[in-house]
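Undergrad: Please work out how this folds:
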Amino acid sequence: MIRMRTRLVVLQVIVMAVLAVLSLRLWQVQVVRGQELVTRATETRTRSVIVPAVRGQILDSSGRPLVRNQTSLVVSIDRTGLIRMPEQGVPVLRKLGEVLGEPVKQLQKRITPCGPGVSKPCWTGSPYQPIPVEERADTREALQILERQEEFPGVSAEVQSVRQYPGGKAGAQMLGYLQPVTAAELEKREGLKAAFSGVDLVGRDGLEYIYDDELRGKAGLRRVQVDRMGKAIGVEEQVAPISGDTLVTSIDARVQTLAEEALRHAMKNAPKADGAAAVVLEPKTGRVLALASAPGYDPAVWAGGISDRGYQRLLSDSTGKPLVSRALNGMFAPGSTFKVSSVTSMLRAGYPLNGTYDCPGAVMVGDRAFHNFHGIGLGTMNLHTALVKSCDTIFYTAGYAQWLKDGGLNPKKAPKEVFANTARGFGFGKPTGIDLPGESAGRIPDRAWKKNMWAQTSGNSCRRAKTGYPEVADKSRAEFLKRLANENCLEGFLLRAGDSANFSIGQGDVLVTPLQLARAYAALVSDGKLRSPRIGWATVRPDGALVRRIDVPVVGELPLSKKERLYIKDALSDVPSDGTAAGAFAGFPMDKVRIGGKTGTAEVWGKEDTSWFASFAPTNDPRFVVVVMVSQGGMGASTAAPAAREIYEGIFGFGKHGKPALPGGRPVSKLPKIAADGTVADGTGADGTVTDGTVTDGTVAGKTGTRTTVVDSTGEGGTGKDTKGEGVTEAGG
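TA: As a prediction, this is how the structure comes out:
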């Protein structure tokens, strides 16, 4: 009996303890955490659905669409719901694959979140949003999904908006592309959390990146009440999205097409050509009319995710690195087109503008002979003729003389370095500041640069001086590289006499981009002011209301007087008719439109020459500056100059073109008018319509905007060096 009572007491104690614990827990739940848990319970009955904003279009100067939105049937998968299904939704994916004609494994890759060790294609956006797996489904495919929805749980098919590029490859590097914004990016970029959702797209390159804030608009929000099974039972709150602004550019689609075609023909006519670029500027305003780079690529490859293999192809040497804009990022020795800076350097050094100078077939620079083009002497001439005939030896002599004045191999404490400083005055050696990301700075080598480069590379140079280059199959080149390495190991920090001579004709270590050269020529033939070029002209609301005009800033001024500028401009005006480009412009109607310009032929060790032509027209009142560069294109007069001629013929309506691409041979001067309904009131009519629609979550995927720079040769500039560092430079014009 006593034992029984003891057990009952123990049991009562246990029961009372349990009741006390339960009471305490109930008090915690209802009193201490009551409001928190009520809020959580409410949240579990509400789902937030992001309503993407319509992304703004990108138009040319007349209102033609360069990038627009196109409605399309998009098939998407709710990955969160799919992985909760039996076998993680594989049976559903199998049926969907049969409809879309795509393997299950490929669909699984498309909806797998990107991360370490995950190969593309994968999903770079939020895994909690519907993931598009087919952005251009046909009606039959969509109906199969919608009519048999019970067989496709978690799969949707609806009309959404995707990015379309009417010009195909034209200007692809300039326009850029889109990607879904990532969670990591939301954390890193200040203020993005408030402006972005997991379904939004973000510009990764080009204009899409620079003007992303204006183009993106603001996403809307819809809060939907759902039951415990996740079925929608009502809308609790709805905020409409705000459409993005339209970006009107100064690009003229007709001129852009002319530039693209001219580059294609130029590369076809130069069998070893591996890249090309063309820049067309309006010199008085600094606005960009065309920016072309070859080879190009179709920006539609980003849609739906790009594979690692596909991305590597865009950066591969075998395909010509089509993702890289050679107009913006390609750095090449400019050859004789650089002589406008060298003439200015001579004037700043005290050489008379109207003096006469000897142009022999060769001159001694230090202990080495530097030859004129083909070693031909041209007699005595003025600076006007030196530019027209592209005499090298006049500039060799001047460059060498200034090097000696600065102290030669034992420089003064404050050397003037007239040639290098004048080149910087032309805007070389630093980015132009154009409204595109990742622009290359080029290179203007001086004594400080030589020292810095030696400090960075001397270790490798000394190692290579011992080991040589056994991996280089060409024995003569391998031996040259070994001698060069030994020279750079011992005295690579010195600016040598040969370096100064090479600099004077735009060779050696000098590197510029086609855009830098075009900007310099635009300043030279207009008012002498250096402008930071702009592609964006204005942003406009979809209803036509102007948001803002995008000004072109003046960032400097050429180190030339007006008289000196006109002298050089007058000399360049004779090059296509009486100088090195006369053959390329034979038969061109100079009586109607006179072209001015300068050819350039830059030697590259182990490769064909880089072909250049920098030009302007009409010479009496320049409205266009056209610069063409063809890597491994040969002589400037044989490849780049004919390409520039082709562009001019199209602009002015000469030759096969019949009618001018630009009426009156003038750039468009007024912004296109966009009507309240979003259509372009003048310019292209229906073709300029601002297509309505909603941008789907993640219609484009790909890698983030890494930038790659193309440097000609081995980064040495326009020519190799001998063991004295005095390049074999006979390129001339």
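Undergrad: what domains does the record give for the chain?
TA: Following automatic domain parsing, one gets these domains for the chain: 73-165, 447-494.
Undergrad: If you average pLDDT over each of these, which is lowest?
TA: Least confident of the domains of the chain, judged by mean pLDDT, is domain 73-165 with a mean of 75.
Undergrad: quick one: which helix or strand includes the nearest residue in space to residue 319 that is not next to it in sequence?
TA: Nearest residue to residue 319, sequence neighbours excluded (Cβ to Cβ, 6 or more residues apart in numbering): residue 313, at 5.2 Å. The way it works is simple: take the backbone N, C-alpha and C, and place the C-beta from them, glycine included. Here residue 313 sits within helix 308-314, counting by DSSP states H and E.
Undergrad: In JSON lines, list the domains of the chain along with mean neighbour count and distance to residue 281.
TA: JSON lines is the format used below for those (neighbours: other Cβ atoms under 10 Å; distance: least, Cβ to Cβ, whole Å):
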{"stretch": "domain 73-165", "mean neighbour count": "17", "distance to residue 281": "23"}
{"stretch": "domain 447-494", "mean neighbour count": "15", "distance to residue 281": "28"}
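Undergrad: what helices or strands is the helix or strand containing residue 524 leaning on?
TA: Using DSSP H and E, residue 524 sits in helix 514-525. With contacts taken as 3 or more Cβ pairs under 8 Å, 6 or more residues apart in numbering; DSSP states H and E, helix 514-525 sits against strand 275-282, helix 339-348, strand 529-531, helix 562-572, strand 610-617, strand 624-631.
Undergrad: please redo it, this time with the cut-off set to 6 Å
TA: Under the contact criterion of 3 or more Cβ pairs under 6 Å, 6 or more residues apart in numbering; DSSP states H and E, helix 514-525 touches strand 275-282, strand 610-617, strand 624-631.
Undergrad: Next up, phi/psi of residue 452, please.
TA: phi -60, psi -40 (degrees, to the nearest 10).
Undergrad: what's the spacing between it and residue 554?
TA: According to Cβ to Cβ, to the nearest Å, residue 452 stands 30 Å off from residue 554.
Undergrad: One more: residue 523?
TA: From residue 523 to residue 554 the distance is 10 Å (Cβ to Cβ).
Undergrad: which residues are common contacts for these two?
TA: residue 529 (Cβ atoms under 6 Å, 6 or more residues apart in numbering).
Undergrad: out of these two, which sits in the busier spot?
TA: residue 523 (24 against 13; other Cβ atoms under 10 Å).
Undergrad: Quick check: next helix or strand after the longest strand along the chain?
TA: Using DSSP state E, we find that the single longest strand of the chain is strand 65-77. With elements assigned by DSSP H and E, the helix or strand that comes after strand 65-77 is helix 79-82.
Undergrad: In the stretch 351-500 of the chain, mark out all the strands, start to finish.
TA: Assigned by DSSP state E, counting those that start in this stretch, the strands in the stretch 351-500 of the chain fall at 356-359, 362-365, 368-371, 379-382.
Undergrad: To residue 108, which of these lies closest?
TA: With Cβ to Cβ as the measure, strand 368-371 is the member of the strands of the stretch 351-500 of the chain nearest residue 108 (64.3 Å).
Undergrad: Tell me which residues of that closest one come out buried.
TA: Neighbour-count burial for strand 368-371 flags 368, 370-371 (criterion: 16 or more other Cβ atoms under 10 Å).
Undergrad: and those as JSON lines, adding distance to residue 35 and pLDDT?
TA: As requested, those are exported to JSON lines (distance: Cβ to Cβ, whole Å; pLDDT from 0 to 100):
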{"residue": "368", "distance to residue 35": "87", "pLDDT": "91"}
{"residue": "370", "distance to residue 35": "86", "pLDDT": "95"}
{"residue": "371", "distance to residue 35": "89", "pLDDT": "93"}
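Undergrad: OK, contacts around residue 253?
TA: 60, 64.
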